[in-house]
Each structure stands twice: as structure tokens, then as C-alpha cells.
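Engineer: Take this sequence and fold it.
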Amino acid sequence: MTLPIRYRVLRLEATCDRVGLTAPTVYRLMQLGQFPRQILLGGNSRGWLEHEINAWLEARIKARDEGTDADARVNPNIGRGRPKKADAAPIESELSTAA
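Structural biologist: Numbering: from 1, shown residues only. From the prediction side, this is the model:
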């Protein structure tokens, strides 16, 4: 026998705190279909179901562990580090002394 799911609702601040994202990022990801949609609680009150947020986080962790999260990165340059000095463009003063 399966027991019914007990729903817990997270408001915006708690949702952002749980996932480590800002409110604008949460809303942008929602618009892109990459974050759970909120539910209407009444009037202007909205929230997210905790189990859906947890499932979203678990999917992100799984994608990271499998190495399939590259497309989901907001900044694909994260982790590449700074450019090497040899890769950097020469400074104009270095050009004039070399001539």
C-alpha cells in the first residue's frame, strides 16, 4: 500500500535558498522550461512543491555526475580558468619595444 505524498510548499525566498539561485534566474529557467513551475496558492501567493524542487536538484546532480550538464551551464567557460600568458594579446608597449 502506498501512502499519499505530503505536500510542502516553498515560497520564493525558500526556493532560492534551497537551490542557490537568484529570483530572476529561477524565473528565467522557468520560462525556458528548465525549472519546475510554481503553483497558485491564492490571490497573489505562489510557491513551489518541495518534492519537485528536490527532484530538479537530484537531476542536476545526476547530470553533473554523468558529465551531461555542459549544455545546462549558464556560463560554459566556468572551470576553464584564466587564459595563459602565452594566449593573451601582447600589450602595446611590448610591441613598440620589440621593433
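
Engineer: Where does the residue lying closest to Leu41 once chain neighbours are set aside sit: helix, strand or coil?
Structural biologist: Nearest non-adjacent residue to Leu41, counting by C-beta to C-beta, 6 or more residues apart in numbering: Gly47, 5.6 Å away. C-beta: built from backbone N, CA, C; applies to glycine. State at Gly47, reduced to three classes by DSSP: H, G, I helix; E, B strand; the rest coil: strand.

Engineer: Relative to Val9, how far out is Gly47?
Structural biologist: For Gly47, the distance to Val9 equals 4 Å [C-beta to C-beta, to the nearest Å].

Engineer: what's the overlap in contacts for the two?
Structural biologist: Both Gly47 and Val9 are contacted by Ile39, Leu41, under the criterion C-beta atoms under 8 Å, 6 or more residues apart in numbering.

Engineer: May I have the secondary structure class of Leu41?
Structural biologist: Under three-state DSSP, Leu41 falls in the strand class.

Engineer: thought it was touching Tyr7?
Structural biologist: No. Between Leu41 and Tyr7 there is no contact under C-beta atoms under 8 Å: 11.2 Å.
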